[in-house]
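**Q** Can you look at this prediction? I've put the sequence above it.
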Amino acid sequence: MAVCAAIIGKDNSPKYFTCINPDEELGFQYKVLSSLDVVEEKLNNGTKSGSDSRELYLGLLYSLERHKIYGYVTNTKIKFIIVIDSTNTSLRDNEVRSMFRKLHSIYADNVCNPFYIPDEPINSKSFDKSVKNIMSGA
Amino acid sequence: MSRSSTRFDTKKVNSELVTLTYGSLVAQMVKDVENPDDVNKQLDRLGYNMGIRLVEDFLAKTGSGRCLDLKDTADKIQTAFRMYLGVQPNVANWSSAGDEFSFVIDSNPLTDLVELPEDLKSLRYCNIICGAIRGALEMVQLDIQSWIVQDQLKGDANTEIRVKFIRKLEDAIPAGEE
Amino acid sequence: MDDTLFEFIHSEIVNYVVDSNIRTKDEEEDLSNLEYIGFSVGYKIIERLTREMPRFKDELDTMKFICTDFWSAIYKKQMDNLRTNHQGVYVLQDNEFKFLTRMSNGKQYLDLAPRYVAFTCGVIRGSLANLGIHCLVTAEVQNMPACKFHIQVQRN
């Protein structure tokens, strides 16, 4: 389902990054980083209008010819980015939302490992495995 | 104050709080004390101190009397596990002489979410439990040894804690004088 | 599950930190490790607690959450009072702070009070830090078991 997933820390530096096709890694890294401006914009607009934009899921950030980029920001200011292949038209918004929630859940579990130091990049193998499961829609 | 007071599942938070507090303590000890073996000893001693207090709390809350034999003791500790950690271990693997047995735990809340770093493979993360059993039983005049046989943090299927009876301590309070 | 274990672990942590101090030096008691253990607990637990929650409106909204839901989840009661000067200073008051309820009043006990509040100062600081609010947290105990937590937000 998803072709790339990234976790960006409070300071906007990547804490975790993975994509299905390693050859495209650089391109995806660029796409993810440039989507962060849209995230900031959405967050700022959210606080201004104040209404029901307090949801953690930000929805579609922008769409390119071949990819759609979605965003989610936790209460602890961690940004999750998921890239979906545009040809995958059957994927509904709710499914993307659910991927983010699962990602958030394993992220919170990882933070709770007493040996994980906050703000460090995530190197755990079991975390990596869980993310790949989530990306494949499991 | 507008938000309601019961947003969270208190039971779950309680268990997470214990897990996280214990985890943060172990992480701090690992920083303070370089040798994991020394951390193991510290954890055991800390558990021992807790066991001494826990047994009082346990007896007061359950009103349970003197242990009849080692099987009865094992059952009572099993109840204590459920009260304090929210898990019920199996009592298993009795030795033929009946002086040794194990507590087998499928999912140990203390190690929930813990992943041991490669350089800490000799850390016995759950040693606090062994210490607590030893401390608690010493208060009821039983001298025992306790150690970890299987450890889920090291890839074992269960956590198994062994208890071996050594001797009865002699300065026991005479029966009926509780 | 019973919350006795949390209390007992807390007091063992206090003993551990206090004992390891005596070995190194005997000047003023250094409780920074105790505070740091609390920081780490607060930082981690807030990650889980706020997982299903909508975004906070502002700083005051966050403080209210600490006083109500958060405090009840951890200490089984809400804070009794929250005051602010609207310039980054908040005073949270718990009239029956859990870790002080078993201590009697009296000068010699009052002197020990810092040991029983340091962990919790850390918990508050850690949870706020993870929510993006960096602050200093100190505690003031005048009349046990009441405790006032002073939060000074660091603006940059």
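**A** Received the coordinates, thanks. Residues are numbered from 1 along each chain as shown, chains lettered A, B, ... in the order given.

**Q** all contacts plus neighbour counts: C-alpha atoms, from now on.
**A** Will do.

**Q** what comes up buried for the worst-scoring helix or strand of chain A on mean pLDDT?
**A** Every helix and strand in chain A was compared by mean pLDDT, DSSP states H and E; the lowest is helix A:25-49, with a mean of 85. Residues of helix A:25-49 classed as buried by neighbour count (16 or more other CA atoms under 10 Å in any protein chain shown): A:28-29, A:31-33, A:35-36, A:38-39, A:42-43, A:46-47.

**Q** go on, stretch A:108-120?
**A** By 16+ other CA under 10 Å, the buried positions in stretch A:108-120 come out as A:108-116, A:118.

**Q** How far off centre is that stretch?
**A** Here stretch A:108-120 is found 18 Å from its chain centre; the criterion is CA atoms, centre = their mean, to the nearest Å.

**Q** Equivalent analysis for stretch C:103-120, please.
**A** Distance, stretch centre to chain centre, for stretch C:103-120: 13 Å (CA atoms, centre = their mean).

**Q** hey, where'd the strands end up in the chain?
**A** If you meant another chain, say so; for now it's chain A. Counting by DSSP state E, residue ranges of the strands within chain A are A:2-8, A:14-19, A:57-63, A:67-73, A:79-85.

**Q** Correction: the question concerned chain C.
**A** Going by DSSP E, chain C shows strands at C:81-84, C:89-94, C:135-140, C:147-153.

**Q** Residue C:43: which of the ones you listed is closest?
**A** Nearest to residue C:43 among the strands of chain C is strand C:135-140 (13.1 Å), distances taken as CA to CA.

**Q** wait, does the closest one contact chain A?
**A** No - using CA under 8 Å from any CA of the partner chain, strand C:135-140 never reaches chain A; the gap is at least 15.2 Å.

**Q** So what are the sheet partners of that strand and their directions?
**A** Note on strand C:135-140: by DSSP bridges, its sheet partners are strand C:147-153 (antiparallel).

**Q** Report the mean per-residue pLDDT for the strand it pairs with.
**A** Averaging pLDDT along strand C:147-153 gives 97.

**Q** now swap in stretch B:123-133 and tell me
**A** Mean pLDDT, stretch B:123-133: 96.

**Q** Quick check: buried residues in it?
**A** Buried residues in stretch B:123-133, counted by 16+ other CA under 10 Å: B:123-133.

**Q** Next step: the residues you listed restricted to strands.
**A** Of the positions in those, not one sits in strands, assigned by DSSP E.

**Q** Next, give me the two most distant ones among those.
**A** Greatest spacing in the buried residues of stretch B:123-133, by CA to CA: B:123 and B:133 (18.9 Å).

**Q** Name the residues of chain A found near chain B, please.
**A** So far as CA under 8 Å from any CA goes, chain A lies against chain B at A:109-110, A:112-115.

**Q** which of these lies closest to chain C?
**A** Of all the residues of chain A next to chain B, chain C sits closest to residue A:112, with 5.3 Å by CA to the nearest CA.

**Q** circling back: can I get the strands of chain A in a markdown table with distance to residue B:114, mean neighbour count and mean pLDDT?
**A** Formatted as a markdown table, these follow (distance: least, CA to CA, whole Å; neighbours: other CA atoms under 10 Å in any protein chain shown; pLDDT from 0 to 100):
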| stretch | distance to residue B:114 | mean neighbour count | mean pLDDT |
| --- | --- | --- | --- |
| strand A:2-8 | 21 | 23 | 95 |
| strand A:14-19 | 19 | 19 | 94 |
| strand A:57-63 | 28 | 17 | 91 |
| strand A:67-73 | 25 | 22 | 94 |
| strand A:79-85 | 23 | 24 | 94 |
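
**Q** Can you lay out the ones you listed as JSON lines showing distance to residue C:115?
**A** Conversion of the strands of chain A to JSON lines gives the following (distance: least, CA to CA, whole Å):
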{"stretch": "strand A:2-8", "distance to residue C:115": "37"}
{"stretch": "strand A:14-19", "distance to residue C:115": "36"}
{"stretch": "strand A:57-63", "distance to residue C:115": "41"}
{"stretch": "strand A:67-73", "distance to residue C:115": "37"}
{"stretch": "strand A:79-85", "distance to residue C:115": "37"}
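
**Q** Cool, thanks, signing off.
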